[in-house]
Every structure is written in C-alpha cells, then in structure tokens.
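> fold the following.
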Amino acid sequence: MKRTIDALGDLKGKRVFLRVDFNVPLEGGRVADDYRIRNSLPTIKALMAKGARLVVASHLGRPKGAPEPKYSMAPVARALSELLGSDVAFTGALVGPEAQKAADALRPGQVFLLENLRFHPGEQAGDEAFAKDLRALADVYVNDAFGTAHRKDTSVYLLPTMFQEKAAGLLMAKEVEALARVRENPEKPFVVLMGGAKVSDKIRVLEAMLEKADKVLIGGGMAYTFLKAMGKEVGRSILDEESLGWAEDAIKKWSKVIVLPVDHVVGQSPDAPGMVSDDIPPDAAGFDIGPRTVDLFKSELSGARTVFWNGPLGVFEKPGYARGTLEMAHWLKDMVGRGCFVVTGGGDTVSAIHSAGLSDEDFSHVSTGGGATLEYLGGIDLPGLSVLPDA
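Numbering: from 1, shown residues only. As a prediction, the model looks like this:
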C-alpha cells in the first residue's frame, strides 16, 4: 500500500500540488458529466480541512501541447466551485509569474486550479524544465489521478520525484486497495466478466485473469473474435483480426475457464431491429448477448465470492441491444448484497451502470481507471504509483 495524505502530518499553510483526473466531457462551455470531479472531492475536502493551500492540476482532452480554448479548464473551475460551495481561483495560467503569484496568494483551505496541463508541450514529453516550473508552485505533492497513473506524463511521473513530501490521495489509495484484492489474492470462486470491442487492448489482463479466475465470461464485441477463432460464423460482427491467433491459442489453453455466448441478438445495424438467434447469419451482426447467454452467465456467476467486470456486453446505448448489459449489471448489484466482492471498471462500464439506473454505491468498487485499471490488473507496475512512497 502507498502512503496517503493521512500520513503527511501538519499541512496548515503548506502549498499542496494535487494531481487529479478532471478529464471530463464539456458541452456548451459547461461540464456535461462531473463524475470524475466528484470522485476526487473527498481528497480535496480533506486537504482543505487540514489547512492546505491547494494547487490543483489536470489534463483535459487531447490538445497538441499548446493552448486550445475548447479544452480550457475554466468550465471545470466553475463546476468544482459549485460542488465545493466555495470559490476556486482560476486565472488561465499554468506556470510562470501569473501562476506563481496565484499560488503564493492562497490562504489555508483555498483552491487554485491550473490551466490544462497539456497546453504545455512538456507535459507529455517528460520535460525537466516544465517539472521544475510546476515544482515551484508547491511544497507537497499528492496524486489522486489513478486514471492517469499508467502514463509517464511529467506531472505524474517526473514531478513527484522532486518532492520530499508526497503521498497518494484518498481516491488513489481506494483504487489500489480494491484492485489489489482482485490482482493479488481474490477470494474464490473468482469470476471475470469481460466485454467491450477489442481483444488486443485486453490481452495482458485477460492472460492474468485466465490464470487466476475460475471462469472468464466473454461477451460484447470481443466475443466474436473468440467465436471466429473457433470456426463459428460471425457474419458482419465486429472482429479483431489481429487477435484471432491469440484467441485460438487461449481457447485451447484455457478451454475449461473461458465461457462464450450461446445465443445473440442480431441485426443489420445497431439502429435496426434485432432478433434473438443461436447463430449469426452471414449478412447480419451480433449486437448483444442473447437471453440464454444471460442465464448462462448468471449461473456461472452464482456462488462467486469475487467478480471483476470490465466492458459492456452489447451496444447498450441502443434500447434493442441493451438487455444483456443492463441485466448483468443488476445481477451483479444483487450479488454484492449477497456478500460478493464486485469490482467494475472502465468508462463504458461506468456509463452502462448509470444507464441501468444504478450508482457506484451499488458495487463494492467502481474503478475510475480505464487503461490504468487493466494494466494494474495485468500485473504491470504503474509509473504514477511507482514514484509514490509505500506506507
């Protein structure tokens, strides 16, 4: 486990550089979904209560190392201010005299939000000069951005090495604690439910989970790559051609662990009506798992003590192809009530949970990471974690 902010001691009057993941969607100059902001509120409020002077920083979108107004953090500053019920300073500055002046002017418990970190070419380049400019703004470093912990961005990997006092935020610590239970020693029976589109993005975590889990249930678009590898007709279903060979080998090696769909909801397109079929016609595509597969997956999950779910099981955004994903979400919520430790993760998975009318509190843990979650569970040491001290 990593040292947390609780171990930092007296922070009153100290400037704390807080790296967060506020990479949120914007619409019409406003934050369209404040989910990621809300997840870091416990850390922000705890540091404010300790009298820290907070310099908060995040990236947003994919600007090319230069300012782009559509990716400004200004709407985020307004949203954060509303959620905290107090003013959040925002000057549009990132480093330099203006940012330094604003950081130095903070009083205990006040918050200053920097402009988008990726407006500077040094953020994604591991630039030491940029790191030193950021270092000048604070006395203590805290990382609460688990969603970016798998990257070597300057603010995540290089900057913390310049601080003597540093720690993980409460969200970061919560993520590591929950995911470690899945990665290190999951209580058995352990079942994994994998969806989403591409197999290639998840080979590392699939291999790790196939070695640990009692069963790995595969749905969503990635199921068609496995079915194709078995010689099944998949019609015009989404296919990860580059992973067919790996899928064929995986089926041979872990034939008693892998569970694939036995029926599908097929159609001409996600916008066209669908029908349930055991087979996929050559001129159609699968867009959801069928009702027999839902029952099969529920049966395989019954009795599990640990479950990891990543990725939707169909095109849940379309009503005709949402049943599989939404039913499994409710089933897993009920399993939590029966004492099962259920961890879910990935942006699309979180959206699916909310589409099902459920909340994060309905599960043991909902991870805020996408690639970071998968890499951590795949056994990869995350750069952003590696530079933080152990507890």
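> would you map the helices across the stretch 201-350 of the chain?
203-212, 222-229, 244-253, 291-301, 323-337, 347-355 (DSSP state H, counting those that start in this stretch).
> Pro270 is nearest to which of those?
Nearest to Pro270 among the helices of the stretch 201-350 of the chain is helix 323-337; the distance by Cβ to Cβ comes to 13.1 Å. Any C-beta I mention is one placed from the backbone N, CA and C, and that applies to glycine too.
> which outside residues touch that closest one?
The contact list for helix 323-337 (Cβ atoms under 8 Å, 6 or more residues apart in numbering) reads 193, 195, 219, 265, 288-291, 293-294, 297-298, 301, 304, 307, 309, 312-314, 316, 340, 342, 344, 352-353, 355-356, 358, 362-364.
> list buried residues within those residues.
Buried subset of these (neighbour count, 16 or more other Cβ atoms under 10 Å): 193, 195, 219, 265, 288-290, 293-294, 297-298, 301, 304, 307, 309, 312-314, 316, 340, 342, 344, 352-353, 356, 358, 362-364.
> low-confidence ranges, the chain, go.
Applying pLDDT under 70 to the chain flags residues 347.
> could you rerun that using 80?
The model of the chain has pLDDT under 80 over residues 346-347.
> domain parsing for it?
According to automatic domain parsing, the chain comprises the domains 5-170, 178-377.
> what's the neighbour count on Ile85?
Quick fix: residue 85 reads Gly, not Ile. Gly85 is flanked by 6 other residues according to other Cβ atoms under 10 Å.
> repeat for the one 3 residues further on
Val88 sits with 20 neighbouring residues when counted by other Cβ under 10 Å.
> just the one 10 residues further on next, same as before
Burial of Glu98 is recorded as 13 neighbouring residues (other Cβ under 10 Å).
> got a list of what it touches?
Glu98 is in contact with Thr91, counting by Cβ under 8 Å, 6+ apart.
> what element comes up after the helix or strand harbouring it heading to the C-terminus?
Glu98 belongs to helix 97-105 when elements are defined using DSSP states H and E. Downstream of helix 97-105, the first helix or strand assigned by DSSP H and E is strand 111-113.
> right, so the helices of the stretch 201-350 of the chain: which one is the most enclosed?
Mean neighbours per residue, mean count of other Cβ atoms under 10 Å, is largest over the helices of the stretch 201-350 of the chain for helix 222-229, with a mean of 24.
> quick one: Ala173 from Asp381, how far?
Separation of Ala173 from Asp381 (Cβ to Cβ, to the nearest Å): 17 Å.
> more crowded one of these two?
Set Ala173 next to Asp381 and count neighbours by other Cβ under 10 Å: Ala173 wins out with 22 against 9.
> for the nearest residue to that one once chain neighbours are set aside, grab the count of nearby residues.
Nearest non-adjacent residue to Ala173, counting by Cβ to Cβ, 6 or more residues apart in numbering: Thr4, 4.7 Å away. Neighbourhood size, Thr4 [other Cβ under 10 Å]: 20.
> again, but for Gln124
By other Cβ under 10 Å, the residues close to Gln124 number 18.
> circling back: buried sites along the helix holding Glu98?
Buried residues in helix 97-105, defined by neighbour count with 16+ other Cβ under 10 Å: Ala99, Ala102, Ala103.
> now those in TSV, with distance to Val234?
Putting those into TSV (distance: Cβ to Cβ, whole Å) gives the following:
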residue	distance to Val234
Ala99	53
Ala102	56
Ala103	56
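> which one among the residues you listed gets closest to Lys166?
Set against Lys166, the nearest of these by Cβ to Cβ is Ala103 (17.2 Å).
> measure the closest one to Val266 for me?
As judged by Cβ to Cβ, Ala103 and Val266 stand 57 Å apart.
> can you tell which of the domains of the chain is closest to Ala391?
Comparing the domains of the chain under Cβ to Cβ, the one sitting nearest is domain 5-170, at 7.0 Å.
> look up how far Ser364 lies from the nearest residue to Leu313 once chain neighbours are set aside.
Nearest non-adjacent residue to Leu313, counting by Cβ to Cβ, 6+ apart: Gly219, 3.6 Å away. Using Cβ to Cβ, Gly219 is found at 21 Å from Ser364.
> then Gly345?
In terms of Cβ to Cβ, Gly345 sits 12 Å off from Ser364.
> re the thing from before, closest one to Leu388 among the domains of the chain?
domain 5-170 (5.3 Å).
> that closest one spans what distance, first to last residue?
Across domain 5-170, the terminal residues are separated by 7 Å (Cα to Cα, to the nearest Å).
> wait, the residue nearest to Leu313 touches Val315, no?
No - counting by Cβ atoms under 8 Å, Val315 is not a contact partner of Gly219; they are 11.6 Å apart.
> how many residues are close by the closest residue in space to Arg305 that isn't next to it in sequence?
Leaving aside its sequence neighbours, Arg305 sits nearest to Glu187 (Cβ to Cβ, 6+ apart; 4.1 Å). A count of nearby residues for Glu187, using other Cβ under 10 Å, gives 13.
> does anything pack onto the helix or strand Val55 falls within? Which helices or strands?
Assigned by DSSP H and E, Val55 belongs to strand 53-57. Under the contact criterion of 3 or more Cβ pairs under 8 Å, 6 or more residues apart in numbering; DSSP states H and E, strand 53-57 touches strand 15-19, helix 35-49, strand 111-113.
> can you name every helix or strand that the last one contacts?
Strand 111-113 makes packing contacts with strand 53-57, helix 74-84, strand 88-89 when contacts are defined by 3+ Cβ pairs under 8 Å, 6+ apart.
> can you list the strands that that strand pairs with?
Neighbouring strands of strand 111-113 in its sheet, by DSSP bridges, are strand 53-57 (parallel), strand 88-89 (parallel).
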